[in-house]
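Colleague: sequence unavailable; structure follows:
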């Protein structure tokens, strides 16, 4: 059936309460993410497709996790959060097939076990953070390493539905991300289950000077351009975002959001921006998208 829900969600992981009391200043984002989680859960997705900029990257390819599970751990301020989730092979393979029919280069990435049903991919913060809010919001203590489901426990409650994990590659044309979003929508259409899509995105990383980036005046400018596009229900226009501004602002959400735009070309949706703030050095936007009736 078609996509039932989509969103743009940040991955600044201090917004997870287990890791920080004050969300590193992002309390409005935290509250918006709780609301986004409620909205997603109301659609009862049976599979979640999540696009992250921080996972396994293969040059000149969009990467899909061809594994049985994902496991990961986040640390912040002396606190730890762990997650262990199932990965959906059927929809992963269908998206890969549809993408290749669109001449999109796709890499299928495994990790650890040689057999797919024994492979467990490390989860990055771009996956863990949004899934914590749309799932059961639990800290799976002791389950954050790839072999945990074998050696630590064989009987535990899943905290999220099965997922598909995609990682874009910025060397590819932006139009390829739009086409990949269409492949996601096509694959969801042929699947009998309710499917949600998460574009895991942070935005300008140059609001303040850090060891990684110098501050740049384009940071708030670019973030506002993105907020405006999402408020106008037109994420597709971000395909024309000037490359100089993209580099100056050091955004990481453009490519995943263009996937959302592609999906919306086939499954019309109405978006709502729930919050925007940049309390640290990077911008965070929370936006919820519901299918048109």
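Modeller: Structure's in. What do you need? All of these numbers come straight from a predicted model, not from anything done at the bench. Numbering: from 1, shown residues only.

Colleague: flag the shaky bits of the stretch 51-200 of the chain, pLDDT-wise.
Modeller: 152-155 (pLDDT under 70).

Colleague: in the chain, which spans are strands?
Modeller: 3-9, 47-51, 62-65, 69-76, 79-86, 106-109, 120-122, 163-167, 195-200, 269-277, 284-291 (DSSP state E).

Colleague: okay, the ones you listed in CSV with mean neighbour count next?
Modeller: C-beta here means a position set from N, CA and C on the backbone, and glycine is covered the same way. Formatted as CSV, the strands of the chain follow (neighbours: other Cβ atoms under 10 Å):
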stretch, mean neighbour count
strand 3-9, 27
strand 47-51, 27
strand 62-65, 26
strand 69-76, 20
strand 79-86, 20
strand 106-109, 17
strand 120-122, 22
strand 163-167, 27
strand 195-200, 29
strand 269-277, 19
strand 284-291, 24
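
Colleague: can you tell which of those is closest to residue 185?
Modeller: strand 3-9 (6.0 Å; Cβ to Cβ).

Colleague: check which helices and strands the closest one sits against.
Modeller: In terms of contacts (3 or more Cβ pairs under 8 Å, 6 or more residues apart in numbering; DSSP states H and E), strand 3-9 is packed against helix 27-42, helix 125-134, helix 174-190, strand 195-200, helix 254-266, strand 284-291.

Colleague: now the ones you listed as TSV including distance to residue 115?
Modeller: Converted to TSV, the helices and strands packed on strand 3-9 look like this (distance: least, Cβ to Cβ, whole Å):
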stretch	distance to residue 115
helix 27-42	32
helix 125-134	22
helix 174-190	24
strand 195-200	26
helix 254-266	29
strand 284-291	36
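
Colleague: quick check: which of those is nearest to residue 149?
Modeller: With Cβ to Cβ as the measure, helix 125-134 is the member of these nearest residue 149 (15.9 Å).

Colleague: check the offset of the closest one from the chain's centre.
Modeller: Mean C-alpha position of helix 125-134 versus that of the full chain (Cα atoms, centre = their mean, to the nearest Å) differs by 7 Å.

Colleague: swap in stretch 204-216?
Modeller: Distance of stretch 204-216 from its chain centroid, counting by Cα atoms, centre = their mean, is 22 Å.

Colleague: stretch 114-122 too?
Modeller: 21 Å.

Colleague: next one: stretch 268-276
Modeller: 16 Å.

Colleague: could I get the average pLDDT for that stretch?
Modeller: For stretch 268-276, the mean pLDDT works out to 98.

Colleague: which residues touch that stretch?
Modeller: 3, 6, 28-29, 31-32, 35-36, 223, 227, 230-231, 233, 235, 283-292 (Cβ atoms under 8 Å, 6 or more residues apart in numbering).

Colleague: picking up where we left off before, so which of the strands of the chain is nearest residue 258?
Modeller: Short answer: strand 195-200, nearest of those by Cβ to Cβ, at 8.7 Å.

Colleague: dump the residue contacts of the residue nearest to residue 176 when sequence neighbours are not counted.
Modeller: Of all residues beyond its chain neighbours, the one nearest residue 176 is residue 104 (5.8 Å), with distances taken as Cβ to Cβ, 6 or more residues apart in numbering. Going by Cβ under 8 Å, 6+ apart, residue 104 touches 62, 176, 179, 180, 183.

Colleague: can you put those residues in TSV and add distance to residue 96?
Modeller: What follows is the contacts of residue 104, written out as TSV (distance: Cβ to Cβ, whole Å):
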residue	distance to residue 96
62	9
176	14
179	13
180	10
183	8
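
Colleague: from those residues, which is closest to residue 240?
Modeller: Distances from residue 240 to these, taken by Cβ to Cβ, are shortest for residue 176, at 15.2 Å.

Colleague: my read: that closest one touches residue 60, true?
Modeller: No. The pair residue 176 / residue 60 is not scored as a contact, 10.0 Å apart, by Cβ atoms under 8 Å.

Colleague: the two: which has the busier surroundings?
Modeller: Neighbour count, other Cβ atoms under 10 Å: between residue 176 and residue 60, residue 176 has more, with 22 against 9.

Colleague: distance of that one from residue 262?
Modeller: Plainly put, residue 176 is 9 Å away from residue 262 if you go by Cβ to Cβ, to the nearest Å.

Colleague: what's the answer for residue 167, then?
Modeller: Distance, residue 167 to residue 262, using Cβ to Cβ: 16 Å.
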